[in-house]
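Visitor: need coordinates for the below:
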Amino acid sequence: MKNKSLIIFSILSLLVITCNDKEPIPLLDKGYLTGAEGANIYYQVMGSGQDSIVVIHGGPGAGMHSVLPFVQPLAHNYVLIFYDQRGGGRSELPADTTKLKPQYFVEDLEAVRQHFGLEKMNVVTHSFGSVLVAEYAKKYPNHLKRIVFHGATGPDLQQELKLRSLKTAQAPPSPDTALSNRANLLLQKLLSGTASDPVETCREYEEINKKLARAKGDTITYEGTTCKAPPKAVHYYYRFTAQLAPRYYNGWDFTTELKHVNAPLLVIYGAEDSLMIPAQRAWVSSIPDSKLLLVPNAGKPAFSDNPDFVFPAIDTFFKGRWPANVRQ
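Guide: Sure thing, here's the model as predicted:
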């Protein structure tokens with residue numbers, strides 16, 4: 001392994017996590033590191049290989065388990081560093097919600113890099129994680145090695161909102177009005193902080209959405225969840241982090257702010273979610289050394305929709321080459 005600090009983990013016991021393909025993945029370490037202004041940031045390290053990847057989940061604040069199940073296959077070839085962003089999972093839930101401003105998430109990520117002794121980080125992001133990494137890259141461009149954006153939120157908020165609005169307008173009506181109403185009620189309880197059992201409410205909400213998707217004929221491959229956290233963390237995430245943290249950006253537009261970033265960026269997105277592809281192309285136009293990989297037979301969760309296509313491509317990229325079929 002290139003990073004010495006990842007070699008000298010004191011492994012007191014070898015725990016095992018089962019990957020989607022049922023092969024055992026070693027859990028090397030877990031614990032807390034110190035983030036911005038002393039915040040406790042929870043992390044887990046798993047896998048084996050000569051290089052490492054920091055995995056940055058979405059939300060913001062959705063917790064590592066929102067991405068861990070479908071990113072785990074990379075642990076067969078790389079050491080994966082997962083962490084819960086502040087405001088979710090097992091990390092700090094700030095009493096002062098202004099501590100959910102972007103600069104604190106940026107400094108937490110920088111603390112992760114320093115804690116593991118990484119001169120430069122390989123990173124994989126999901127959804128809103130792309131926005132966090134873009135903000136990080138504005139301040140620490142030289143601390144990034146190679147970047148993968150997966151199912152990324154776009155670099156321009158106004159474009160993102162327009163595309164989402166168009167997608168909503170073109171979506172077919174719900175196949176089950178009663179279930180849709182129930183899902184909306186549960187979401188409102190979570191967002192307002194009135195759910196008496198946040199974890200159970202979260203689980204029911206996610207399960208109903210899967211049922212609705214199946215009723216539309218969709219195949220559900222995504223196994224991530226925002227519910228695998230202590231009740232107070234699930235409450236805090238929906239009530240504060242998911243709502244306030246994006247607002248603290250006061251709108252974002254990275255399309256002209258990242259021309260100084262030299263780290264190569266591979267943007268991965270499912271070809272079937274065609275309405276959102278312009279936002280992915282916008283990322284490619286925003287960072288100089290960037291390319292787009294459209295994944296066939298996949299929607300936004302391309303990692304889980306078509307893993308046989310995605311993971312060899314990612315492996316090629318992290319070994320220093322562009323995978324086949326990438327676009328400018």
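Visitor: hey, let's count contacts and neighbours off CA atoms from now on
Guide: Will do.
Visitor: pull up the distance across stretch 151-163, start to finish.
Guide: End-to-end span of stretch 151-163 (Cα to Cα, to the nearest Å): 14 Å.
Visitor: what's the average pLDDT for it?
Guide: Stretch 151-163 carries an average pLDDT of 97.
Visitor: do the same with stretch 266-285
Guide: 97.
Visitor: span of it from start to end?
Guide: Across stretch 266-285, the terminal residues are separated by 12 Å (Cα to Cα).
Visitor: check contacts around Lys259.
Guide: 286-288 (Cα atoms under 8 Å, 6 or more residues apart in numbering).
Visitor: at 10 Å what do you get?
Guide: Lys259 makes contact with 138, 285-289 under the criterion Cα atoms under 10 Å, 6 or more residues apart in numbering.
Visitor: also Tyr136?
Guide: So Tyr136 contacts 102-103, 105-110, 130, 143-144 (Cα under 10 Å, 6+ apart).
Visitor: try it again with 8 Å
Guide: 106, 109.
Visitor: mind pulling up the pLDDT for it?
Guide: On pLDDT, Tyr136 comes in at 98.
Visitor: and it, how far is that from Ser196?
Guide: For Tyr136, the distance to Ser196 equals 36 Å [Cα to Cα].
Visitor: show me what counts as buried in stretch 168-186.
Guide: Buried residues in stretch 168-186, defined by neighbour count with 16 or more other Cα atoms under 10 Å: 179-180, 183, 186.
Visitor: ends of it, what's the gap?
Guide: One end of stretch 168-186 sits 20 Å from the other (Cα to Cα).
Visitor: next, Pro26: secondary structure please.
Guide: strand (DSSP: H, G, I helix; E, B strand; the rest coil).
Visitor: which residues does it bridge with?
Guide: With DSSP bridges as the criterion, Pro26 is bridged to Val16.
Visitor: isn't it right up against Met46?
Guide: Yes. Using Cα atoms under 8 Å, Pro26 is in contact with Met46, at 5.5 Å.
Visitor: these two: which is more packed in?
Guide: Set Pro26 next to Met46 and count neighbours by other Cα atoms under 10 Å: Met46 wins out with 23 against 18.
Visitor: which stretches of this structure have low pLDDT?
Guide: In the prediction, the chain carries residues with pLDDT under 70 at positions 1-24.
Visitor: grab the longest helix from it for me.
Guide: In the chain, with assignment by DSSP state H, the single longest helix is helix 198-215.
Visitor: after that helix, which helix or strand is next?
Guide: Remark: after helix 198-215, the chain's next helix or strand is helix 231-236, criterion DSSP states H and E.
Visitor: mind listing what's buried in the longest helix of the chain?
Guide: 198-199, 201-202, 204-206, 208-212.
Visitor: check stretch 42-53 too.
Guide: When burial is assessed from 16+ other Cα under 10 Å, stretch 42-53 yields the following buried residues: 42-48, 51-53.
Visitor: for that stretch, how far is the first residue from the last?
Guide: Start-to-end span of stretch 42-53 (Cα to Cα) is 16 Å.
Visitor: all strands of the stretch 151-300 of the chain, in order?
Guide: Assigned by DSSP state E, counting those that start in this stretch, the strands in the stretch 151-300 of the chain fall at 265-270, 290-295.
Visitor: about what we covered before: take the buried residues of stretch 42-53 and write them to JSON lines, including secondary structure and distance to Val148.
Guide: Formatted as JSON lines, those follow (DSSP: H, G, I helix; E, B strand; the rest coil; distance: Cα to Cα, whole Å):
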{"residue": "Tyr42", "secondary structure": "strand", "distance to Val148": "22"}
{"residue": "Tyr43", "secondary structure": "strand", "distance to Val148": "20"}
{"residue": "Gln44", "secondary structure": "strand", "distance to Val148": "20"}
{"residue": "Val45", "secondary structure": "strand", "distance to Val148": "19"}
{"residue": "Met46", "secondary structure": "strand", "distance to Val148": "19"}
{"residue": "Gly47", "secondary structure": "strand", "distance to Val148": "18"}
{"residue": "Ser48", "secondary structure": "coil", "distance to Val148": "19"}
{"residue": "Asp51", "secondary structure": "coil", "distance to Val148": "15"}
{"residue": "Ser52", "secondary structure": "strand", "distance to Val148": "13"}
{"residue": "Ile53", "secondary structure": "strand", "distance to Val148": "10"}
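Visitor: report the two of the residues you listed separated the most.
Guide: Tyr42 and Asp51 (21.2 Å; Cα to Cα).
Visitor: rewinding a little: closest to Arg327 among the buried residues of helix 198-215?
Guide: Set against Arg327, the nearest of those by Cα to Cα is Lys210 (32.0 Å).
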